[in-house]
Each structure stands twice: as C-alpha cells, then as structure tokens.
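1. have a look at this fold, sequence not included:
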C-alpha cells in the first residue's frame with residue numbers, strides 16, 4: 001500500500017512538472033473565444049508550438065471555442081480554464097486505427113486524443129461539449145433487437161464484419177472501410193499512451209464513448225463530470241486492455257455504462273490478447289444510464305486485479321454488471337467490490353456468461369477451450385440495495401438498446417455455464433429490497449454470508465446446479481406465502497449455517513431425495529422436499 005501511495009504521489013508531481021516551462025495561449029495563435037469563427041487551426045498551431053519547444057502548457061481562457069479534432073503531443077498539459085467551452089460540431093472525420101466494442105478497426109479520429117504519447121494531462125474546470133443527436137443523424141444509430149431480428153450496433157456492415165472476423169482475423173482493409181463510415185468517434189481517446197492524467201473537466205454530450213483508455217498504462221482520471229445522458233452508446237470511462245488505472249472522485253450521468261473494463265472481443269480479441277489489469281475505482285456517484293460498474297462483455301484478453309469501493313448508483317439499469325458469453329474467452333479474476341449503495345436500479349448485481357448485444361446471436365454450447373470465458377475469485381461485499389426493479393428496461397433511450405430481460409424480476413443474478421461454472425464468487429454483508437430475489441445457477445464455491453433479500457415475489461434465494469455451496473446467515477424479512485426462503489435444486493453437499501425465524505413457514509426447500517446431501521448447521525433448520533420447478537420463466541430470454 002505504501003508503495004502504491006508513493007507511486008501516485010510521484011505521478012501527481014510529474015503531472016505538474018510536465019506543464020512547467022513555456023505557457024502557450026491559444027488566443028495568441030489566432031483562436032477566437034467568442035464562437036465567431038472555427039478555432040481548429042489556431043489550436044493545432046498552439047499545440048505544434050508546444051511540441052517544438054519540447055512540451056509545455058496550452059491554455060484555453062474563458063470563452064467559447066468552435067473546435068475540430070485536437071491531436072495531443074507528449075509532455076503536454078491542456079488547461080481548459082473555468083468559463084472556457086470547447087464545442088465540437090458533428091462532422092465527417094479522417095479515419096485512424098483504433099478499437100470499437102472490442103474489435104480492432106478503422107474509426108474516426110477522436111475529438112481529443114493521441115497515440116503513442118507520454119506525460120499528458122487534460123485539466124481545468126472548463127467544459128467540452130457536443131450533441132450526440134447530431135452525430136447519430138450524420139452517422140446513424142444502433143438498431144434494437146426485435147422478435148424477428150438481432151438488430152445491429154452500427155448497421156448490417158458491422159454485423160457482416162463480426163461474422164468475417166470469426167472466420168479470419170484481421171480482415172483485408174476493404175472490409176474495415178465498409179464499416180468506418182458508420183462509426184462515431186470517441187470524445188477523448190488515449191491509445192498506447194503512458195503517464196496520463198485527466199482531471200476536473202466537465203463533459204456535456206459525446207459522439208460515442210466519453211473517455212476511452214486503449215492499450216495505455218499509468219492513467220489517473222479524477223474529479224471529472226461526464227454528463228452524456230441519454231445519447232447512443234455515450235458511456236463514461238472505458239478501460240480497454242489497459243493497466244495501472246485509477247478512477248476517483250467523479251460524477252457520471254451517461255447514455256450507456258458509466259465505468260467499464262474491457263479486453264477485446266471474440267476471435268479478434270483473442271488474437272490481440274491484451275488484458276486490463278490493476279484498476280482501482282473509488283468515490284464516484286453514478287446517475288442513470290445503463291450500468292454502474294461493468295466488466296465485459298468484451299473479456300477475451302482477460303480482466304484481473306480490480307478494486308472498487310465507495311460508489312453510489314442511482315437509477316442505473318444495472319449496478320454491478322460482470323458479463324461475457326461463449327466464444328469470447330478470457331479470464332475475469334481477482335476482483336474486489338466493496339461498499340456500494342444502489343437506489344432504484346434495474347438489476348443490482350449481475351454476474352452472467354450469457355450476455356448478447358445487438359447483432360449477436362446467442363452461441364450454442366461447446367467444449368471448454370480458449371473460447372470459454374472463466375469467472376473466478378470475485379468478492380462483492382457491503383452492498384445496500386433499495387427499490388431494485390429487477391430487470392433491464394432501456395425504454396428511456398430508444399437509440400441505445402442492449403441487455404437481456406428476465407422472465408421474472410431478479411435483483412441479484414448469477415449465471416455460469418454448465419461446462420465452466422463461475423468459481424469462488426463470494427457475496428457478503430448485503431441488504432437488498434426490490435421486485436425480485438437472488439438466483440444463481442452453475443457455480444462452484446459460491447458463498448453467501450450475511451445476505452438479506454426482501455423480494456416482492458418468489459423465493460428469496462433460488463439456486464441450482466451448484467457445487468461447494470455455502471450459505472451463512474442468509475435471511476429475509478418478507479417471507480412470502482407459497483414460497484420458501486431458500487430453494488436448492490441439484491446442489492449436492494450444500495452447507496447452510498445460521499439461525500432462522502421458523503414462523504415464516506418453509507425456510508429451505510429442495511428437490512425430492514436431495515435433503516440427505518444437504519448439510520444443516522444447526523440441524524433445527526426446517527427443510528422440505530418438494531417437486532416444484534421454480535425456474536419456469538426464470539431463465540434469461542435471449
């Protein structure tokens with residue numbers, strides 16, 4: 001811990017040192033700060049002057065600047081002062097190599113960013129802004145799933161590219177050029193960069209992802225306010241095959257997931273094989289949008305060594321969402337999530353290997369291989385959940401549709417694969433109220449400790465096909481007539497510990513003949529054997 005603190009202290013000092021020396025004012029190079037003329041050329045000249053000098057600080061004084069893409073350089077501080085507004089109109093842009101939703105491809109250059117840079121800071125209390133609706137009108141938006149079609153994130157050309165990449169990756173340039181006109185740029189993208197700080201800025205609107213950290217190392221994002229709700233795919237921060245990243249003290253109100261960890265998709269992601277690792281997220285407020293803390297669904301390169309604490313989610317469709325699917329591969333491991341409050345979320349906690357997006361068809365079962373995603377050693381603790389709605393509902397944003405709706409409401413959903421169950425998932429000190437309870441299937445070593453579920457319907461705990469299961473002091477205050485508190489199906493050797501209020505009726509229910517393999521401590525826990533299928537309509541509808 002001491003070494004980590006010293007490292008971040010050094011990074012902060014270094015960030016200040018990068019700006020020491022020459023200061024370059026964009027107005028000295030011809031930029032208008034009254035919005036009367038485009039400032040793109042003046043900004044480019046200012047940054048070039050800093051580059052020629054070996055680095056420095058580029059400042060934007062208060063006022064309005066009409067901008068085009070801003071390409072950064074190494075050893076640079078960009079200081080957007082309080083009262084400064086950088087406005088980026090929607091426009092067709094040159095293409096560059098990048099990555100979109102886990103696929104390496106050609107896409108428009110970011111509005112702010114660079115490739116292969118070191119020692120870069122974007123700071124200040126000013127605003128950067130654009131209108132997502134203008135970008136969608138120019139480039140097109142996602143098409144939702146329907147009863148007759150799988151939809152598309154970026155049109156039929158994107159769906160065709162995904163199919164071709166499963167046959168051979170990478171594809172010839174002409175295949176990527178077919179897709180590029182339908183892709184929107186990231187607002188900020190740092191690609192193959194090192195020693196980056198993004199702090200204090202206020203973002204309003206985004207063409208696509210707000211901050212994209214791609215193949216980068218040693219990055220701190222702190223004190224930012226990202227307000228992009230309800231745009232199409234306008235998520236907050238995407239940590240994409242990057243390492244040594246810290247996110248802190250920030251506010252999110254986004255049109256997609258707030259803070260997302262990704263590592264490549266399917267065959268293309270397995271080819272690249274670059275992980276996301278060593279990530280800390282702390283002291284953040286997340287309001288509306290798709291997910292709060294999200295890992296995946298692009299997991300092919302692996303996601304590991306993640307610590308999350310002190311986060312509040314209000315009104316998001318998901319609170320914690322860890323997701324992948326067959327064929328994607330990768331390992332999600334060594335994850336610790338602690339001290340979250342969730343209010344009025346859709347589904348509070350989801351750990352699922354059955355996620356599909358627009359344009360994707362749920363894959364069929366297959367033998368375990370490098371294509372099989374692995375989830376293991378994940379700890380989620382000290383979570384307070386109130387008023388969970390129990391499902392994903394994207395009606396708030398008709399141009400940003402993804403996720404799977406359950407047949408019945410569920411507040412905590414755990415769904416492993418029969419061929420590779422989720423391993424060593426531990427949930428502790430959780431209190432949850434909402435439309436649904438907890439359900440889990442295909443796990444190994446699942447442990448629930450001091451978990452209280454207060455659902456409006458069904459069993460509080462519905463668990464099947466799980467080995468090495470351990471339940472310690474799990475409870476409910478809303479014992480529902482006709483439902484047990486706990487229902488286990490095909491969970492041999494399950495251990496249940498803790499006292500029970502027996503006045504609530506059936507506490508533990510198992511299938512016929514399964515009580516003999518259930519370990520009860522103390523033995524006074526009431527148990528019934530009953531041939532009933534509580535899983536009817538409970539499995540995800542893909």
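-> Received it, and whenever you're ready, just let me know what you need. Everything quoted here is computed from the prediction, not taken from an experiment. Numbering: from 1, shown residues only.
2. tell me where the stretch 301-450 of the chain is predicted with low confidence.
-> Applying pLDDT under 70 to the stretch 301-450 of the chain flags residues 394-407.
3. all helices for it, in order.
-> With DSSP state H, counting those that start in this stretch, there are no helices along the stretch 301-450 of the chain.
4. just the strands in it please.
-> Taking DSSP state E, counting those that start in this stretch as the criterion, the stretch 301-450 of the chain contains strands spanning 303-314, 318-323, 331-343, 347-352, 374-388, 412-415, 422-434, 438-444, 447-455.
5. will you turn the ones you listed into TSV that also has mean neighbour count?
-> From N, CA and C alone the C-beta is placed, and that goes for glycine too. Listed next are the strands of the stretch 301-450 of the chain as TSV, based on neighbours: other Cβ atoms under 10 Å:
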stretch	mean neighbour count
strand 303-314	20
strand 318-323	28
strand 331-343	20
strand 347-352	28
strand 374-388	20
strand 412-415	26
strand 422-434	21
strand 438-444	23
strand 447-455	21
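6. residue 493: which of those strands is closest?
-> The closest of the strands of the stretch 301-450 of the chain to residue 493 is strand 438-444. By Cβ to Cβ, the value is 11.1 Å.
7. for the closest one, the distance to its chain's centre please.
-> Centre-to-centre, strand 438-444 and its host chain are 22 Å apart (Cα atoms, centre = their mean, to the nearest Å).
8. given it, what are its sheet partners and their directions?
-> If you go by DSSP bridges, strand 438-444 pairs up with strand 412-415 (parallel), strand 422-434 (parallel), strand 461-467 (parallel).
9. redo those as TSV? Include distance to residue 381.
-> Shown next, in TSV, are the strands paired with strand 438-444 (distance: least, Cβ to Cβ, whole Å):
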stretch	distance to residue 381
strand 412-415	13
strand 422-434	5
strand 461-467	17
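10. which one of these lies nearest to residue 382?
-> Short answer: strand 422-434, nearest of these by Cβ to Cβ, at 4.8 Å.
11. report the angle between that closest one and strand 374-388.
-> 0 degrees (axes from the mean of the first three to the mean of the last three Cα atoms, to 10 degrees).
12. which residues does the residue nearest to residue 444 when sequence neighbours are not counted contact?
-> If the residues on either side of it in the chain are set aside, residue 444 comes closest to residue 421, at 4.5 Å by Cβ to Cβ, 6 or more residues apart in numbering. For residue 421, the contact set (Cβ atoms under 8 Å, 6 or more residues apart in numbering) comprises 442, 443, 444, 465, 466, 467.
13. reformat those residues as TSV; add distance to residue 78.
-> Shown next, in TSV, are these (distance: Cβ to Cβ, whole Å):
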residue	distance to residue 78
442	48
443	47
444	49
465	53
466	51
467	53
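14. returning to what we had before: what's the closest of the strands paired with strand 438-444 to residue 270?
-> strand 422-434 (20.4 Å).
15. quick one: distance of the closest one to the chain centre.
-> With Cα atoms, centre = their mean, you get 19 Å for strand 422-434.
16. so who does the closest residue to residue 254 other than its chain neighbours touch?
-> Nearest non-adjacent residue to residue 254, counting by Cβ to Cβ, 6+ apart: residue 289, 4.1 Å away. Taking Cβ under 8 Å, 6+ apart, we find residue 289 in contact with 229, 235, 236, 252, 253, 254, 255, 256, 257, 258, 316, 317.
17. and for the last one, nearest residue in space, chain neighbours not counted?
-> Counting by Cβ to Cβ, 6+ apart, residue 317 lies nearest to residue 346, which is 4.1 Å off, once chain neighbours are set aside.
18. same check, this time on residue 456
-> residue 435 (5.1 Å).
19. count the neighbours of that neighbour for me.
-> Residue 435 has 19 neighbours, counted by other Cβ atoms under 10 Å.
20. what does residue 366 give?
-> 12.
21. got the phi/psi numbers for the residue nearest to residue 302 when sequence neighbours are not counted?
-> In space, and not counting its chain neighbours, residue 302 is closest to residue 275: 4.0 Å by Cβ to Cβ, 6+ apart. The phi and psi values for residue 275, taken as degrees, to the nearest 10, are phi -90, psi 160.
22. how many neighbouring residues does residue 275 have?
-> Neighbours of residue 275 using other Cβ under 10 Å come to 20.
23. return the residues in contact with it.
-> Residue 275 touches 241, 243, 263, 301, 302, 303, 304, counting by Cβ under 8 Å, 6+ apart.
24. let's see 6 Å
-> The contact partners of residue 275, by Cβ atoms under 6 Å, 6 or more residues apart in numbering, come to 263, 301, 302.
25. could I get those residues as JSON lines with distance to residue 222?
-> Converted to JSON lines, these look like this (distance: Cβ to Cβ, whole Å):
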{"residue": "263", "distance to residue 222": "23"}
{"residue": "301", "distance to residue 222": "26"}
{"residue": "302", "distance to residue 222": "26"}
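26. considering those residues, which possesses the most neighbours?
-> residue 263 (31 neighbours).
27. wait, that residue sits on residue 297?
-> No. Applying Cβ atoms under 6 Å, one finds residue 263 not in contact with residue 297, separated by 10.3 Å.
28. for residue 177, state which of the contacts of residue 421 is nearest.
-> Using Cβ to Cβ, the contacts of residue 421 come closest to residue 177 at residue 442, 41.7 Å.
29. would you confirm that that closest one contacts residue 416?
-> Yes. Residue 442 lies in contact with residue 416 (Cβ under 6 Å); the separation is 3.6 Å.
30. nearest to residue 340, of the contacts of residue 421?
-> residue 443 (21.2 Å).
31. report the contact partners of the closest one.
-> Per Cβ under 6 Å, 6+ apart, neighbours of residue 443: 416, 421, 422, 466.
32. ok so, going back, okay if I get the strands of the stretch 301-450 of the chain as CSV plus distance to residue 518?
-> Converted to CSV, these look like this (distance: least, Cβ to Cβ, whole Å):
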stretch, distance to residue 518
strand 303-314, 34
strand 318-323, 28
strand 331-343, 29
strand 347-352, 24
strand 374-388, 25
strand 412-415, 19
strand 422-434, 20
strand 438-444, 16
strand 447-455, 15
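33. thought residue 320 was touching residue 349?
-> Yes. Counting by Cβ under 6 Å, residue 349 is a contact partner of residue 320 at 4.7 Å.
34. in stretch 153-161, what counts as buried?
-> 153, 154, 155, 157, 158, 159, 160, 161 (16 or more other Cβ atoms under 10 Å).
35. take the residues you listed and lay them out in JSON lines including pLDDT, secondary structure and distance to residue 34.
-> Supplementary listing: these in JSON lines, determined by pLDDT from 0 to 100; DSSP: H, G, I helix; E, B strand; the rest coil; distance: Cβ to Cβ, whole Å:
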{"residue": "153", "pLDDT": "90", "secondary structure": "coil", "distance to residue 34": "39"}
{"residue": "154", "pLDDT": "93", "secondary structure": "coil", "distance to residue 34": "37"}
{"residue": "155", "pLDDT": "92", "secondary structure": "coil", "distance to residue 34": "39"}
{"residue": "157", "pLDDT": "95", "secondary structure": "helix", "distance to residue 34": "41"}
{"residue": "158", "pLDDT": "95", "secondary structure": "helix", "distance to residue 34": "40"}
{"residue": "159", "pLDDT": "94", "secondary structure": "helix", "distance to residue 34": "45"}
{"residue": "160", "pLDDT": "96", "secondary structure": "helix", "distance to residue 34": "46"}
{"residue": "161", "pLDDT": "97", "secondary structure": "helix", "distance to residue 34": "43"}
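36. and those, which is closest to residue 392?
-> residue 153 (16.5 Å).
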